[in-house]
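Student: need coordinates for the following:
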Amino acid sequence: MNINNLLIGSSVSKRFFIICLNLLFAYTGAFAAQQQPREYQLKAVFLNGFTKFIVWPEHAFAKSDTPLRICVLGEHPFGKALDIAVANTNRRKRKGRQIEVRYINMIEQIPGCHTLYVSKSERYQQAVILDYVVRYPVLTVSDIDHFVINGGMIQFYVRHNKVRFLIDPQTIRDVGLEPDGNLLRIADVVSSNNR
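Tutor: Numbering: from 1, shown residues only. Down below sits the predicted model:
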């Protein structure tokens, strides 16, 4: 199994595959000692990389220097991978902002988050979490089965040893966020109308 098999399928155009590879290699310098990145290292890179392809409204930030926050709700599977990916990004800033990782364990801590990764440990509270977060301009991401079908925005899955993701652009737009067309081209797009 090589890194090309872990990323995304061959159906993705060469240009957007290169974007993904650039994201991977830009954020995983600290993983270079390992022969191949593990699944959650790749998911951490993508989770951090999504911040490059989503536009948040100005009112999502309290001040002009408010960091862009990636929050992980519940038990997180990333180890140090997400912190490493974010540390590499913060050398350059993202959209003029630092990125900050927060590990949270209650839905009341969601306000102030910009991206929310919902851990599999929270799968039984998925409906409550998604019902709560819909009031905020927060990108929701998970690898819980049927996450996008149940109202989430981006769902990781692995098929044939490839990390892929589903995305529902309308659900993203419904909370005032705007996904970049490049992100939509490398994802499997799901329509809210099909739910």
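Student: could you identify the helix or strand that succeeds the helix or strand containing Tyr103?
Tutor: According to DSSP states H and E, Tyr103 maps onto strand 99-104. The helix or strand immediately downstream of strand 99-104 is strand 115-118, counting by DSSP H and E.
Student: mind checking the SS state of Tyr132?
Tutor: Three-state assignment for Tyr132 (DSSP: H, G, I helix; E, B strand; the rest coil): helix.
Student: for it, give me the pLDDT.
Tutor: pLDDT recorded at Tyr132 is 97.
Student: so where do the strands sit in this protein?
Tutor: Applying DSSP state E to the chain gives strands spanning 54-55, 68-73, 99-104, 115-118, 139-142, 154-159, 162-167, 178-179, 188-189.
Student: right, so of these, which gets closest to Arg38?
Tutor: Closest to Arg38 of the strands of the chain, according to CB to CB: strand 162-167, at 10.2 Å. (C-beta placed from N, C-alpha, C; glycine too.)
Student: where does this structure have low pLDDT?
Tutor: In the predicted model of the chain, residues 1-37, 91-95, 192-195 satisfy pLDDT under 70.
Student: from His59, how far off is the residue nearest in space to the middle of the chain?
Tutor: Closest to where the C-alpha atoms of the chain average out (CA atoms, centre = their mean) is Leu47, at 3.0 Å. Distance from Leu47 to His59, counting by CB to CB, to the nearest Å: 23 Å.
Student: can you check Gln155 too?
Tutor: Plainly put, Gln155 is 27 Å away from His59 if you go by CB to CB.
Student: which one's more surrounded, those two?
Tutor: Remark: of Gln155 and His59, Gln155 carries more neighbours, 25 against 8, as counted by other CB atoms under 10 Å.
Student: that concludes my questions; thank you for your assistance.
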